[in-house]
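J.: Just to be clear, the model below is a prediction. Sequence and coordinates:
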Amino acid sequence: MLNSLQKEILKLKEEKNAIILAHNYQTGDIQEIADFLGDSLELCIKASQITDSDLVIFCGVDFMAETAAILNPQKKIILPDREAECPMAHMLPAEDIKKAREKYPDAAVVLYVNTLAEAKAEADILCTSSNAVAVVESLAQDQILFGPDMNLASFVAGKVNKEIIPLPEKGHCYVHKMFHTGDIAFMREKYPDAVLLVHPECDQEVQDEADEILSTGGMMSYVAQSDLKTFIIGTEVDLITRLRRENPSKIIIPLLSEAICENMKLHTLEKLKNSLINEEYAVSVDKEIALKARKAVERMLDVS
């Protein structure tokens with residue numbers, strides 16, 4: 001049952017011919033009224049397919065809205081709270097990539113989509129947590145500069161026969177760094193029959209103890225298709241909100257209830273309403289940067 005503010009937002013959305021895209025880590029009240037809800041790859045693909053909407057409201061963090069702007073230069077992309085930044089994306093400035101290329105001239109540069117537009121413009125190709133292995137395997141080079149998440153780099157290194165060089169050395173997601181093996185031991189004892197799914201941004205020792213290592217989209221598919229009943233989920237807590245809503249007959253448990261991305265939570269229904277009324281805050285990307293970054297995005301989408 002939608003509340004009055006949600007209904008008001010839906011009415012405004014129709015009047016403005018807008019579309020609302022929301023990441024899986026948004027709160028449940030935003031998830032409920034989004035036109036499309038997904039992980040980074042799913043949102044990239046959806047952003048590339050927008051044709052009949054004049055206004056795109058992106059409930060995610062800065063790099064996601066930038067990617068939508070890169071793929072839709074003719075549309076107005078709105079981020080409801082301009083302070084919604086991804087700390088990991090800011091760990092890899094474009095200048096660091098240029099320096100790494102000088103040091104490793106024969107390496108290909110694969111960047112996680114969780115990067116700013118200026119960094120994307122320096123990449124050969126992008127990837128997400130769900131397609132990172134396929135992207136790296138698609139390249140001819142045996143040496144890969146991979147950034148900015150060191151744990152995703154470690155995950156990929158274990159799956160391919162190539163040299164993966166993390167860039168920067170200790171890039172990370174602060175939310176996924178919250179998980180520890182002690183959390184797993186506690187939950188395994190409490191729920192011995194549960195399947196443990198963790199995100200590849202988690203530390204290696206956490207990945208080593210998981211039953212499956214999956215993107216948020218992969219977790220959604222796994223839980224929906226599984227005949228099992230109980231699942232422990234090692235990622236941001238609002239993916240559990242979505243999993244529970246869409247799988248009411250299953251038991252979905254957060255590995256750590258404190259795993260909250262405060263940056264994602266800056267978006268609220270009130271700010272979403274304001275973004276529709278005042279069309280703020282608009283996201284723009286320098287044309288030259290956008291053109292270069294778009295090539296890396298499209299190359300990833302071709303692989304996907």
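T.: Thanks, I have the structure now.
J.: Verify the stated contact: P168 with G147.
T.: Yes. If you go by Cβ atoms under 8 Å, P168 and G147 touch, sitting 6.4 Å apart. Using the backbone N, CA and C atoms, a C-beta is placed for each residue, glycine as well.
J.: Show me which of those two is the more surrounded one.
T.: Ranked by neighbour count (other Cβ atoms under 10 Å), P168 and G147 place G147 first, with 27 against 16.
J.: can you tell me which residues contact the more buried one?
T.: By Cβ atoms under 8 Å, 6 or more residues apart in numbering, the contact set of G147 is L92, I97, L111, Y112, T115, A119, A153, P166, L167, P168, G171.
J.: what's the closest non-adjacent residue to it?
T.: L167 (3.6 Å; Cβ to Cβ, 6 or more residues apart in numbering).
J.: In contact with that neighbour: list those residues for me.
T.: L167 neighbours (Cβ under 8 Å, 6+ apart): L92, D96, I97, A100, V109, L145, F146, G147, P148.
J.: All the strands of this structure, residue numbers only.
T.: Using DSSP state E, the strands of the chain run over 18-23, 36-38, 55-59, 76-78, 108-112, 125-127, 143-147, 163-166, 195-198, 212-213, 230-234, 251-254.
J.: Which parts of this protein belong to which domain?
T.: Split into domains by automatic domain parsing, the chain comes to 4-84+264-285, 89-173, 176-254.
J.: Restricting to C-alpha, output the lowest-mean-pLDDT helix or strand in the chain in PDB.
T.: Ranking every helix and strand in the chain by mean pLDDT, DSSP states H and E puts helix 40-48 at the bottom, with a mean of 79. This file holds the C-alpha atoms of helix 40-48, laid out as PDB (Å, rounded to 0.1, in the frame of the first residue of the first chain):
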ATOM      1  CA  SER A  40      25.000  -1.400 -11.600                       C
ATOM      2  CA  LEU A  41      25.000  -3.400 -14.800                       C
ATOM      3  CA  GLU A  42      21.200  -3.600 -15.000                       C
ATOM      4  CA  LEU A  43      21.000   0.200 -14.500                       C
ATOM      5  CA  CYS A  44      23.700   0.800 -17.200                       C
ATOM      6  CA  ILE A  45      21.700  -1.300 -19.600                       C
ATOM      7  CA  LYS A  46      18.500   0.400 -18.800                       C
ATOM      8  CA  ALA A  47      20.000   3.800 -19.000                       C
ATOM      9  CA  SER A  48      21.200   2.900 -22.500                       C
END
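J.: So what touches that helix?
T.: Against helix 40-48 from outside (Cβ under 8 Å, 6+ apart): 21, 23, 36, 38, 56, 60, 64, 67-68, 71-72, 113-114, 128-131, 215, 217, 297-298, 300-301, 304.
J.: Selection in PyMOL covering whichever of those are buried, please.
T.: Selection of buried members from those for PyMOL, criterion 16 or more other Cβ atoms under 10 Å:
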select buried, resi 21+23+38+56+60+64+67+68+71+72+113+114+128+129+130+131+215+217+297+300+301
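J.: Cool, thanks, signing off.
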